[in-house]
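1. Give me a 3D structure for the following:
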Amino acid sequence: MNHFSHMLNKQIKLKITGHSFKGILTDFGNDILVLYDGQKFYYIPLLHVHKITLSEGDSDDAIQSPNLPFTGEDTPISYRSILTNAKGLYTKINIVGKKLLHGTIIKVLSDYLVFYSPVYKHILIPLAHLKWLTLYEQNHTPYSVNMALPDAPNLSRSFEEQLKKWEGKIVVFDMGEDQDKTGLLITGKGNLIELINGNGETIYFKLNHVKSVYIP
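-> Coordinates of the predicted model:
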């Protein structure tokens with residue numbers, strides 16, 4: 001990861017699917033970057049990064065970066081370590097389009113995380129589909145409500161195994177962005193989801209394209 005060293009503590013422009021960022025590159029690991037835009041730190045998995053460039057013509061001192069929220073570790077940061085450190089903290093995340101989810105991570109499993117939202121309750125999110133994460137400011141909470149965090153539900157280690165447990169239930173995939181991905185889950189075996197939508201039609205789509213799922 002030495003190819004990012006020359007950008008450290010400098011202004012950069014970064015593009016991911018559907019979003020652009022500009023700020024100081026404050027830290028990086030093998031699979032994640034940390035960007036400070038003058039107000040918030042954004043934790044961005046490298047998997048979703050399309051392009052990074054130095055922001056030429058901008059002063060390196062244009063934005064003063066405060067101390068990182070997650071400090072004190074001797075080992076380099078990683079995507080999983082950031083998720084683990086963020087557990088129980090109020091966060092804002094992006095997984096689908098411009099839609100933001102407000103809440104907190106309550107569990108990190110082998111290939112997915114469990115996000116608790118006051119609106120949607122427990123949302124399962126494959127690790128490969130979280131685009132970015134940022135923390136709430138101190139003394140601020142999602143929707144300005146006091147969130148009583150529930151215990152993490154008893155879930156399977158893998159996303160596919162958990163979907164098998166939800167067969168026969170009404171589920172919402174990808175935050176309901178596509179109406180055909182809300183309905184009765186018939187099977188989640190292999191790499192294919194079988195679902196009956198509201199019109200009674202049988203819909204098939206690939207498991208590895210699923211960005212999130214929850215039970216309404």
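2. contacts, neighbours, all on C-alpha from now
-> Will do.
3. Could you pull out the helices in this structure for me?
-> 79-86, 159-165 (DSSP state H).
4. And for His48, nearest residue in space, chain neighbours not counted?
-> Nearest non-adjacent residue to His48, counting by C-alpha to C-alpha, 6 or more residues apart in numbering: Ile16, 5.5 Å away.
5. quick one, what contacts the one you found?
-> Listed by C-alpha atoms under 8 Å, 6 or more residues apart in numbering, the contact set of Ile16 reads 48-51, 131.
6. give the contact list for Ile32.
-> 43-46, 77-79.
7. Leaving out sequence neighbours, find the closest residue to it.
-> Pro45 (4.2 Å).
8. Over to Ile125?
-> Ser212 (4.5 Å).
9. which residues does that neighbour contact?
-> Ser212 makes contacts with 95, 123-126, 173-175, as judged by C-alpha under 8 Å, 6+ apart.
10. Now do the phi/psi pair for the closest residue to Lys164 other than its chain neighbours.
-> Ranked by C-alpha to C-alpha, 6+ apart and with sequence neighbours excluded, the top spatial neighbour of Lys164 is Gly188, at 5.5 Å. Reported as degrees, to the nearest 10, the phi and psi values for Gly188 are phi -130, psi 30.
11. which among the contacts of Ile16 end up buried?
-> Neighbour counting with 16 or more other C-alpha atoms under 10 Å marks 48-49, 131 as buried within the contacts of Ile16.
12. Quick one: low-confidence residue ranges for the chain.
-> For the chain, the stretches flagged by pLDDT under 70 are 1-2, 57-65, 70-74.
13. Which residue ranges make up the domains of it?
-> 2-54, 79-144, 159-214 (automatic domain parsing).
14. Please compute how far the first one lies from its chain's middle.
-> Think domain 2-54. The chain centroid and the centroid of domain 2-54 are separated by 15 Å under C-alpha atoms, centre = their mean, to the nearest Å.
15. And for stretch 126-137?
-> Distance, centroid of stretch 126-137 to centroid of chain: 3 Å (C-alpha atoms, centre = their mean).
16. any idea how far the closest residue to Asp174 other than its chain neighbours lies from Ala152?
-> Using C-alpha to C-alpha, 6+ apart and skipping residues adjacent in sequence, the residue nearest Asp174 is Ser212, 4.8 Å away. From Ser212 over to Ala152 the distance is 17 Å, taken as C-alpha to C-alpha, to the nearest Å.
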